[in-house]
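Trainee: Sequence first, then the predicted structure, then my questions.
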Amino acid sequence: MIDATRPNSPGPAEVQATQLLTHLQRVTQDLAAVHQQSEVCDIVLRDVLDALWGLGGAVLLVQNERLNVAARRGLTDASVWQDGDLEGPGPCADALRSNTPLFFEHAGALAAAYPDLEAHTGGVAAVASAVLPLVEEGRPLGVILLDFKDPHDFTPDERYFLRTLAGQCALALSRARLASDLEQQVQDRTAELEAFVRFTEAVDGEADVLALAQRAVDVLCVLFSGCTSAYYALEDGQWRVKVHTSDLEAQPELLASIKAGMPLDTPVFAQPMQTGQPVFVDGWDPEKEHFAHTEGYQSVATFPLMVGGTIQAMFALGIKDIPRWSGHHQAVFRSVGRSLRLALERTETARQLKAQNAELLARTQALEGFAALTHDLGLTSDPGVLIQRAIALVRSLLPPGYAAFWQISGGRWRATSQRGDVGNPELQAAIDAGFPVGQLPTLDLPYQTREPLFQDHYDRTRDVAPELVEHVSTVATLPVLVNGEVMGIFNAPLFGLRPWSAADQAVLKTTVHSLGLALERAEQARQLTAQRDQLQAVNEELQAFTYSVSHDLRTPVRHIISFSDLLRRELPTPLDAKAERYFGIVASAATTLSGLIDGMLDVSRTSRQPLRRERVNLERLFAAVRHEVGVAQPQRQINWQIGDLPTILGDADLLRRVVTALVSNAVKYTRDRELAVIEVWAEDRGQGWAVLVRDNGVGFDPQYSNKLFTIFQRLHRQEDFEGAAVSLANARRVMARHGGTMTAEGQLGVGATFGFILPKAPD
């Protein structure tokens, strides 16, 4: 209904619709030109009240899950439109939840719909009211509230106007909030950059951790006036303050408490330890936070400082006059915290690089020492010489002092090697006399633990005769391990106070380890020399025995054969069958024994013959041996299949014996075949050549293949296949002298493959 008594009262419905459209166009233009939330609220309330002749209005906006009054026009604090809960009952919350405008056109309509509204707000409801929800893309932004002093029937044109106006207002508020957020982000980023620049300028070239922390504290004092800042380090399971602002001197109880250490479960420290992220605490409560003597602070923040993958320190800031952390203040604190963390990481990286360079230098020095020790090992196997060389190396790398090598003898520690003046004649006399085992921890501990002992500050009171070593300040003691056992203790006392650096420790550890290896190899060399001499003596004895036995057996064998022939000629002929068989057995046995003797002599000659290495063409060697077989056994039908064969390095005469053994073996064990097939070929096996001979003869049982290369061992009966069972054993000896091996594969009734593998001849 339109009140005709109003001044400038609207005309008919068509005129009112035109006027509302004009208002709407003007509001849309005005909203497009503003960027502040307050300006949007003022424009909307002004135009809507002017257009509908309202009594007054308000805009409530959603903030932190509540509706808060953002603007009023024509209303007082006695209005029912107050801050309220977004989730509770009420016209504003209902309109937002349903995204539907609510219209109360007559007196008492609002109170009837919400009986508790006036009592809850302490205000008085207007005669007529409208509640317009502000929603943008499904997100509730707030409500527009309009009050009228008279009953007001909202026409369809007015309702359309109000809904459209609410939509334009929601769009403008959303745009204003976005602009505000962007502006805040720019401000925060600018603040971060300013804090970063301040800190970077303050720490330029600084490498000390506590000095870096002090610079960060100083920067925060400039950025946060009147704040308290502190740097905590993790020590012995507690957070202890290391650097702090000067204002803590005026709070002795708090300062004493944080110097003594804060427990790990203190919430403001525990949370960033778990998340690795900074923590901002609004409305600081000392009792809740388990942090005594901090009643004067309203907000606190901590930043975890992670170096090398672990949180090693904590940066803290307390503010006394600001109860809540703004986004701007959080950004500044984060920036300083990140800058400090980067500076600490840079310092740690520089420290590690310095340590690595020192370690590299130490390793280089130690390798040079090891090279010298290795050279000495090639010249001597005397342990005393090697120990003296190691002591000389260490003394050349260290400042004034002396070095000694201690061993246990007769229940006492005795210096078996020493270099350098000990600086006290009485001490030298005591060293010469030795010290009781168990009364000198400097030597006893490394001996027991098998670990080095580095004393930056020598505790002379624990050792015997401490008055003799008052001039000794620093001592290193390292066990020397040989074959896993402590052979002795390497001891390096220094006269001046000088902590053992990583480089020093690396030099000593590597040199002592090298000494242990040199002593171990010297012992091995001594044992190998003794074994070689013993083996050579045994071989010479065995060869002499073999040669002597072979020659001593030849005469009896010749006698057996000769007298057997003489006896047969003396007997009347013809002999009966039994006597003839006996003479045959004697002759066969004598012949076999003669073959065995020849085999022993052949083995002996092979072992004693000097090895002359030359390039040997295997194709020619096999061709010559094959020709000999053809001349000796022209009646045999043999299909020879010989592939390409390499030139190898070896003794031609000895290798000919190997080839003869392989070919003769194949020919002998294929004699029962109507057509014998013998294949010869070579295989390239990387560092060596494999030369193989395969036949289709009787073969052998593979489970007895280990006997094939043993002298006098046979896999077939003497009656079936003649021979002394020496050639393959002799071939293995030849291969061993050449650094090669023999191979054998076979199956009964199928055939066998014998061969050898030799290193390739150099190009």
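Mentor: Cool, got the structure.
Trainee: Quick check on the residue lying closest to Val698 once chain neighbours are set aside: phi, psi?
Mentor: Excluding the flanking residues, the one nearest Val698 by C-beta to C-beta, 6 or more residues apart in numbering is Tyr669, at 5.2 Å. Glycine gets a C-beta too; all of them are placed from N, C-alpha and C. Dihedral angles of Tyr669 (phi, psi; degrees, to the nearest 10) stand at phi -90, psi 10.
Trainee: Just to check, Tyr669 is in contact with Ala752?
Mentor: Yes: under the criterion of C-beta atoms under 8 Å, Tyr669 makes contact with Ala752 at 7.0 Å.
Trainee: Need the residues touching each of those two.
Mentor: Counting by C-beta atoms under 8 Å, 6 or more residues apart in numbering, the shared contacts of Tyr669 and Ala752 are 695, 697, 699.
Trainee: List just the nearest of those residues to Arg240.
Mentor: Among the shared contacts of Tyr669 and Ala752, Gly699 lies closest to Arg240 (C-beta to C-beta), at 85.0 Å.
Trainee: How about the secondary structure of the closest one?
Mentor: Classification of Gly699 by DSSP: H, G, I helix; E, B strand; the rest coil places it in coil.
Trainee: contacting residues around it?
Mentor: By C-beta under 8 Å, 6+ apart, the neighbours of Gly699 are 669, 746-752.
Trainee: Pick out the most distant pair among the residues you listed.
Mentor: Tyr669 and Gln747 (12.7 Å).
Trainee: which parts of stretch 652-660 are buried?
Mentor: For stretch 652-660, the buried set under the neighbour-count rule, 16 or more other C-beta atoms under 10 Å, comprises 654-660.
Trainee: Distance from it to the middle of the chain?
Mentor: 56 Å (C-alpha atoms, centre = their mean, to the nearest Å).
Trainee: next one: stretch 237-250
Mentor: On C-alpha atoms, centre = their mean, the centre of stretch 237-250 falls 36 Å from that of its chain.
Trainee: go on, stretch 209-227?
Mentor: With C-alpha atoms, centre = their mean, you get 36 Å for stretch 209-227.
Trainee: What lies in contact with that stretch?
Mentor: By C-beta under 8 Å, 6+ apart, stretch 209-227 touches 195, 198-199, 202-203, 206, 229-231, 242-245, 247, 313, 315, 317-321, 329, 332-333, 336-337, 339-340, 343-344, 347.
Trainee: ok, now stretch 116-127?
Mentor: Stretch 116-127 is contacted by residues 55-56, 77-82, 84, 89-91, 106-107, 110-111, 147-152 when judged by C-beta under 8 Å, 6+ apart.
Trainee: Send me it as CSV with only the CA atoms.
Mentor: Below are the C-alpha coordinates for stretch 116-127, written out as CSV (Å, rounded to 0.1, in the frame of the first residue of the first chain):
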residue,chain,number,x,y,z
ASP,A,116,12.3,-14.0,22.5
LEU,A,117,13.9,-11.5,20.1
GLU,A,118,13.2,-8.3,22.1
ALA,A,119,14.1,-9.9,25.4
HIS,A,120,17.3,-11.4,24.0
THR,A,121,18.5,-8.2,22.4
GLY,A,122,17.1,-5.6,24.8
GLY,A,123,15.6,-3.7,21.9
VAL,A,124,12.2,-2.8,20.6
ALA,A,125,10.9,-4.2,17.2
ALA,A,126,9.7,-1.7,14.6
VAL,A,127,6.2,-1.7,13.2
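Trainee: Report the buried residues of it.
Mentor: Per 16+ other C-beta under 10 Å, stretch 116-127 contains these buried residues: 117, 121, 123, 125-127.
Trainee: What strand or helix carries Ala690?
Mentor: Using DSSP states H and E, Ala690 sits within strand 688-695.
Trainee: Parallel or antiparallel, which strands does that strand pair with?
Mentor: strand 676-684 (antiparallel), strand 751-759 (antiparallel) (DSSP bridges).
Trainee: Mean neighbour count added to those, as JSON lines?
Mentor: Shown next, in JSON lines, are these (neighbours: other C-beta atoms under 10 Å):
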{"stretch": "strand 676-684", "mean neighbour count": "17"}
{"stretch": "strand 751-759", "mean neighbour count": "21"}
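Trainee: nearest to Thr100, of the ones you listed?
Mentor: Nearest of those (C-beta to C-beta): strand 676-684, 91.7 Å.
Trainee: closest to Ser562 among the shared contacts of Tyr669 and Ala752?
Mentor: Gly697 (36.8 Å).
Trainee: residue contacts, that closest one?
Mentor: Per C-beta under 8 Å, 6+ apart, neighbours of Gly697: 666, 668-673, 676, 751-752.
Trainee: Compile the residues you listed into CSV and extend it with columns for distance to Asp684 and pLDDT.
Mentor: Output for the contacts of Gly697, formatted as CSV (distance: C-beta to C-beta, whole Å; pLDDT from 0 to 100):
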residue, distance to Asp684, pLDDT
Ala666, 23, 87
Lys668, 29, 85
Tyr669, 28, 83
Thr670, 28, 87
Arg671, 33, 83
Asp672, 34, 84
Arg673, 31, 86
Ala676, 28, 88
Gly751, 24, 88
Ala752, 23, 88
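Trainee: of those residues, buried ones?
Mentor: The buried subset of these (16+ other C-beta under 10 Å) comprises 666, 668-670, 673, 676, 751-752.
Trainee: Report how many residues lie close to the closest residue to Ala652 other than its chain neighbours.
Mentor: Spatially, and ignoring its direct neighbours in sequence, Ala652 is nearest to Val616 (5.0 Å; C-beta to C-beta, 6+ apart). Val616 has 21 neighbouring residues, counting by other C-beta atoms under 10 Å.
Trainee: try Pro572
Mentor: So Pro572, with other C-beta under 10 Å, has 5 neighbours.
Trainee: quick one: contacts for it?
Mentor: By C-beta under 8 Å, 6+ apart, Pro572 has no neighbours at all.
Trainee: Mind putting the strands paired with strand 688-695 into TSV with distance to Leu481?
Mentor: Below are the strands paired with strand 688-695 laid out as TSV (distance: least, C-beta to C-beta, whole Å):
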stretch	distance to Leu481
strand 676-684	44
strand 751-759	36
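Trainee: As a check, name the ranges of all helices in the stretch 601-750 of the chain.
Mentor: 618-632, 652-668, 727-737 (DSSP state H, counting those that start in this stretch).
Trainee: Turn those helices into CSV, including distance to Pro286.
Mentor: Below are those laid out as CSV (distance: least, C-beta to C-beta, whole Å):
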stretch, distance to Pro286
helix 618-632, 96
helix 652-668, 96
helix 727-737, 88
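Trainee: Okay, Val209 and Pro399: tell me how far apart.
Mentor: To Pro399, Val209 is 28 Å away according to C-beta to C-beta, to the nearest Å.
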